[in-house]
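> make a model of this:
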Amino acid sequence: MKLFIDSANLTEIDEALQRGFPRGITTNPSILSREERGDFREHLKRIIGVIEKYGYDIPLSVEVFSTRPEEMVAQAEDFVRHLGHYPQLNIKVPIGWDELAVIRELRRRDIKVNCTCCMSYNQAIMAALAGANYVSLFFGRIKDLGYDAAHVVRQVRQTFRERNWPVEIIVGSIRHIMDVNEALQAGADIVTVPPGFFKQMTQHPKTDEAVKQFVGDFSKWLGRSS
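The predicted structure follows:
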């Protein structure tokens, strides 16, 4: 059970890594497009720099930004050429018929693959059979379709475990804290979470109430004993 940071923002990543809980980072073209415009390869190098600053050895997923298979392979090679010094680099490739050949080719070249944009059980299975190291199921978008996203996660997990496939399930498209809870309880190996949720995941009004009471009671006691 692991939590990844779904962000390319250096401040958000730094703040999360300071706190010790992240086990990986995922990005995509949309996430990268929210950052200051420039050479995206250099920005990804800066992300790796933050990871190394805190002594982590965790997966970093970066996604191709083409729909043409030959360009996907070329972009993946370009990522590896610029970022290959980082051993935990994973290339995100969306699921699709032609994309299965991309996954196979990247794995043939010993490039780790995170197959993304999976919305169904059958897509996850096809990605795994093609050789993906990770399959990313989009929890919120599956719900948008009217399906039980947790059930899809459970189905995929059961198949992977029964066959002892060395593939990890990442759940993304998180929109509520409850999505994180449901995905983990359904058996996701990893949930990749927008950083805005992390602080909320540590908070509860009853916790604040209890801490205030404990500190207040002891402060009064110290005052009486002084």
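> what distance do you get for the residue positioned nearest the centre of the chain to Arg81?
Central residue of the chain (Cα atoms, centre = their mean): Thr192, 3.2 Å from the mean position. Using Cβ to Cβ, to the nearest Å, we find Thr192 at a distance of 25 Å from Arg81. (C-beta placed from N, C-alpha, C; glycine too.)
> how close does Thr159 sit to Met126?
Going from Thr159 to Met126 by Cβ to Cβ gives 12 Å.
> those two - which one has more neighbours?
Met126 (20 against 15; other Cβ atoms under 10 Å).
> and the pLDDT for that one?
With respect to pLDDT, Met126 scores 98.
> do the same with the one 5 residues further on
Confidence at Gly131, expressed as pLDDT, is 98.
> ok but Gln213 is inside a strand, no?
No - remark: Gln213 does not belong to a strand; assigned using DSSP: H, G, I helix; E, B strand; the rest coil, it is helix.
> what number of residues lie near it?
10.
> same check on Ala210?
11.
> so which strand or helix has it?
Ala210 belongs to helix 205-225 when assigned by DSSP states H and E.
> so for that helix, mean pLDDT?
For helix 205-225, mean pLDDT rounds to 91.
> what packs against the host helix or strand of Thr116?
In this structure, Thr116 is located in strand 113-118 according to DSSP H and E. Other elements packing on strand 113-118 under the criterion 3 or more Cβ pairs under 8 Å, 6 or more residues apart in numbering; DSSP states H and E are strand 60-63, strand 89-94, helix 97-108, helix 121-130, strand 134-138.
> ok, it: who's next to it in the sheet?
Its sheet considered, strand 113-118 pairs with strand 89-94 (parallel), strand 134-138 (parallel) by DSSP bridges.
> what's the angle from the longest one to helix 97-108?
Going back to what we said before, that points to strand 89-94. Interaxial angle, strand 89-94 versus helix 97-108 (axes from the mean of the first three to the mean of the last three Cα atoms, to 10 degrees): 160 degrees.
> before we move on, what about the last one?
Relative orientation of strand 134-138 with respect to helix 97-108: 150 degrees, computed using the same axes, to 10 degrees.
> roughly how far out does the following helix or strand past strand 134-138 sit from the chain middle?
Next in sequence after strand 134-138, counting helices and strands by DSSP H and E, comes helix 139-144. In this view, helix 139-144 has its centroid 16 Å away from the chain centroid, taken as Cα atoms, centre = their mean, to the nearest Å.
> in helix 139-144, what's buried?
For helix 139-144, burial by neighbour count (16 or more other Cβ atoms under 10 Å) applies to Phe139, Arg141, Ile142, Lys143.
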